[in-house]
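**Q** predicted coordinates and the sequence they were generated for:
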Amino acid sequence: METLTKTDLTEQTRKGACLAFFSAYQDLDTARMIQLATPDATVHFLPMGDGGKGSFWEFGKGVWQLIMDCFPNVDNTVDSLTAEEDTVTARVAIFGTQEQDFMGIASKGLTFNSDHVFVFRFDEDDRITDLTIDWDHSSFCKQLGS
């Protein structure tokens, strides 16, 4: 029987935290999403440039809530999780149907399906300290008719 090392357990715990984040996202539960992070954690939505940086608990929660409001059936599928030291990279498909205007994109009732890369960084207590999110924003806009 193979025994797990402390490093293996930490990687599993951190991957579990990522899965908990995406599960909360599926449940449209921003409170559960942010509880996985330290109070001073940061988030950066890369396609938004410097305007896409902020506090995980405030800015991140606001963006995720806006997504949930505008795409009430938003969902995700985790394609892969890769852990290395304090970082877990998640490749995730996010999809949904737009029902309200979103960040300058008028609602036409169209659906998007977009591959995202989430890079989570963790502290020693396996709590998220930083999250960077990237996606093909031009494809996202095109799918929504913008």
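**A** It's in.

**Q** show me where the chain has helices.
**A** 6-26, 30-35, 61-70, 137-143 (DSSP state H).

**Q** show me what the last one packs onto, helices and strands only.
**A** Contact partners of helix 137-143 among helices and strands, from 3 or more C-beta pairs under 8 Å, 6 or more residues apart in numbering; DSSP states H and E: strand 111-122. C-beta: built from backbone N, CA, C; applies to glycine.

**Q** which other residues reach the strand it packs on?
**A** The contact list for strand 111-122 (C-beta atoms under 8 Å, 6 or more residues apart in numbering) reads 14, 17-18, 21, 71, 79, 86-98, 128-136, 139-140, 143-144.

**Q** got TSV for the helices of the chain, with mean pLDDT and distance to Phe45 too?
**A** Below are the helices of the chain laid out as TSV (pLDDT from 0 to 100; distance: least, C-beta to C-beta, whole Å):
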stretch	mean pLDDT	distance to Phe45
helix 6-26	90	14
helix 30-35	97	14
helix 61-70	98	6
helix 137-143	98	9
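
**Q** switch those over to TSV; also include mean neighbour count and distance to Phe122.
**A** Shown next, in TSV, are the helices of the chain (neighbours: other C-beta atoms under 10 Å; distance: least, C-beta to C-beta, whole Å):
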stretch	mean neighbour count	distance to Phe122
helix 6-26	16	5
helix 30-35	17	14
helix 61-70	16	19
helix 137-143	14	26
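
**Q** can you redo these as TSV with distance to Glu124?
**A** TSV is the format used below for the helices of the chain (distance: least, C-beta to C-beta, whole Å):
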stretch	distance to Glu124
helix 6-26	9
helix 30-35	18
helix 61-70	24
helix 137-143	34
